[in-house]
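Peer 1: sequence-free structure coming up:
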């Protein structure tokens, strides 16, 4: 063989091997990844590794929300990753690399939020990204898994859902008190909320389902101070049937009209427009955390694997509905039980300074819920500020 032909032959072999190796490497890229998450106030905050332009990894927490369409990052992280230069967002969920195209990531002002760990909340991992994958939320083991379509075999009771691609929200058909309703599955919501007029129709036939009036604990999940929570009706639904899945003793808030981002449009009317069909509300973290959920977005099926029974004491709380503003907490209302206020000596507008040993300023919502929680009849010493003066109140824990 002549030297020229031999060189060409060797080059062709080398090129073939190079391409073969590249394809082999592509096949061996991880198709799934798992990371830990922090559960605070029934909400999930996943540990993600954001890839900087120099290849270094910036580790941070991201709020995982099946009810938001777009990934959002704190402005400081957005700039650090140089996403303002029309770069794609790159991050890792365990071993899995995820890329979000330019223009599909928003930034927001404000400082990263501490959750009491070495990592801070610097982003929101939204349904707009999640819907490209099979997603596993394992509440018992506190892990979030993402896998490319067809990678994993789901476990649990399958329930088909409808998906609105623009928002990523999923809706399922439920049966409550013998009637069908469309509801959303929304892990980003700490508690299950339904329209108040719908809840009232159930209570007319089942008054024993009512637990009180005024959102407390994780049912007080928006802390906006509006009527959705201050006049919300707490109830416990003995059974919600979703296909062959039966959810037992589900705590719900029959939320009032509430405010939405759209003027003169009620909260639930606005929320329904974000779904593939009108819904009466959503099933939130208080119910979901009893399961290992596999959301197979490509096949529009969610699988429910039970891991624990519903918590019966989660709303054993000091009966205050709170409002949050700039990481401080204020009393929005006093919850009632059987028509009677459950806390005396506290007024709407009081600033909540301390609950027992917990200084509330900059505390996480989950820490506040936990500090207000206890056995019925126990007392929590509250320190409040009213018109510049500090007062102390011994507030009882009530079973709602």
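Peer 2: That came through fine. Quick caveat, the model's predicted, so the values are computed rather than measured.

Peer 1: Next one, pLDDT for residue 6 please.
Peer 2: Here, the pLDDT recorded for residue 6 equals 42.

Peer 1: Can you show me the strands along the stretch 201-350 of the chain?
Peer 2: 210-213, 233-242, 245-255, 281-283, 291-296, 301-306, 316-318, 320-325, 328-334, 336-337, 340-341 (DSSP state E, counting those that start in this stretch).

Peer 1: I'd like to know which of those strands lies nearest to residue 197.
Peer 2: Residue 197 lies closest, by CB to CB, to one member of those: strand 245-255, at 8.2 Å. C-beta here means a position set from N, CA and C on the backbone, and glycine is covered the same way.

Peer 1: can you pull the buried residues of the closest one?
Peer 2: Buried residues in strand 245-255, counted by 16 or more other CB atoms under 10 Å: 245, 247, 250-255.

Peer 1: Ramachandran coordinates for residue 94?
Peer 2: Residue 94 adopts backbone torsions of phi 60, psi -120, taken as degrees, to the nearest 10.

Peer 1: which ones are touching it?
Peer 2: Contacts for residue 94 (CB atoms under 8 Å, 6 or more residues apart in numbering) come out as 30, 32-35, 145.

Peer 1: Below-threshold pLDDT in the stretch 1-150 of the chain: ranges please.
Peer 2: Flagging of the stretch 1-150 of the chain using pLDDT under 70 yields the residue ranges 1-28.

Peer 1: How many neighbouring residues does residue 104 have?
Peer 2: Residue 104 has 14 neighbouring residues, counting by other CB atoms under 10 Å.

Peer 1: returning to that earlier point: mind listing which of the contacts of residue 94 are in strands?
Peer 2: Using DSSP state E, 32-35, 145 are the members of the contacts of residue 94 that sit in strands.

Peer 1: about what we covered before: between the buried residues of strand 245-255, which is closest to residue 107?
Peer 2: Once CB to CB is applied, the member of the buried residues of strand 245-255 that ends up nearest residue 107 is residue 255, at 30.2 Å.

Peer 1: Show the contacting residues for that closest one.
Peer 2: Contacts of residue 255 by CB under 8 Å, 6+ apart are 193-196, 215, 228-229, 232, 267-268, 281.

Peer 1: which residues does it bridge with?
Peer 2: residue 195 (DSSP bridges).

Peer 1: In CSV, list the buried residues of strand 245-255 along with distance to residue 303 and pLDDT.
Peer 2: CSV is the format used below for these (distance: CB to CB, whole Å; pLDDT from 0 to 100):
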residue, distance to residue 303, pLDDT
245, 10, 98
247, 14, 98
250, 19, 97
251, 23, 98
252, 23, 98
253, 27, 98
254, 29, 98
255, 28, 97
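
Peer 1: returning to what we had before: and residue 178, which of the strands of the stretch 201-350 of the chain is closest to it?
Peer 2: Of the strands of the stretch 201-350 of the chain, nearest to residue 178 by CB to CB is strand 233-242, at 9.6 Å.

Peer 1: Can you verify my assumption that residue 243 contacts residue 175?
Peer 2: No - using CB atoms under 8 Å, residue 243 makes no contact with residue 175, being 9.2 Å away.

Peer 1: any idea where the helices of the stretch 151-300 of the chain begin and end?
Peer 2: Per DSSP state H, counting those that start in this stretch, the stretch 151-300 of the chain carries helices over the ranges 196-205, 227-230, 267-273, 285-288.

Peer 1: Any idea which of these gets closest to residue 386?
Peer 2: helix 227-230 (18.3 Å).

Peer 1: just to revisit the earlier point, CSV for the buried residues of strand 245-255, including distance to residue 115?
Peer 2: Shown next, in CSV, are the buried residues of strand 245-255 (distance: CB to CB, whole Å):
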residue, distance to residue 115
245, 31
247, 28
250, 27
251, 24
252, 27
253, 24
254, 30
255, 26
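
Peer 1: picking up where we left off before, could you export the strands of the stretch 201-350 of the chain to CSV, including columns for distance to residue 96?
Peer 2: Formatted as CSV, the strands of the stretch 201-350 of the chain follow (distance: least, CB to CB, whole Å):
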stretch, distance to residue 96
strand 210-213, 42
strand 233-242, 29
strand 245-255, 28
strand 281-283, 27
strand 291-296, 15
strand 301-306, 19
strand 316-318, 39
strand 320-325, 34
strand 328-334, 38
strand 336-337, 47
strand 340-341, 51
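
Peer 1: I'd like to know which of these lies nearest to residue 83.
Peer 2: Short answer: strand 291-296, nearest of the strands of the stretch 201-350 of the chain by CB to CB, at 26.7 Å.

Peer 1: what residues does that closest one touch?
Peer 2: Residues contacting strand 291-296 (CB under 8 Å, 6+ apart): 66, 130, 134-141, 152, 154-156, 170, 185, 187, 302-307.

Peer 1: are any of the residues you listed buried, and which?
Peer 2: Buried among those by 16+ other CB under 10 Å: 66, 130, 134-139, 152, 154, 156, 170, 185, 187, 302-305.

Peer 1: model confidence over stretch 322-342, on average?
Peer 2: 97.

Peer 1: tell me which residues in it are buried?
Peer 2: Buried, per 16+ other CB under 10 Å, within stretch 322-342: 322-324, 329-337, 342.

Peer 1: Next, the distance between the ends of it.
Peer 2: 14 Å (CA to CA, to the nearest Å).

Peer 1: Who wins on neighbours among the contacts of residue 94?
Peer 2: residue 145 (21 neighbours).

Peer 1: hmm, who's touching stretch 177-189?
Peer 2: 43-44, 63-68, 137, 161, 169-175, 194, 198, 202, 205-206, 221, 271, 275, 277-285, 288, 293, 295, 302.

Peer 1: swap in stretch 192-204?
Peer 2: 176-177, 181, 183, 209-210, 219, 221, 228, 231-233, 235, 237, 250-257, 268, 280-284, 286-287.
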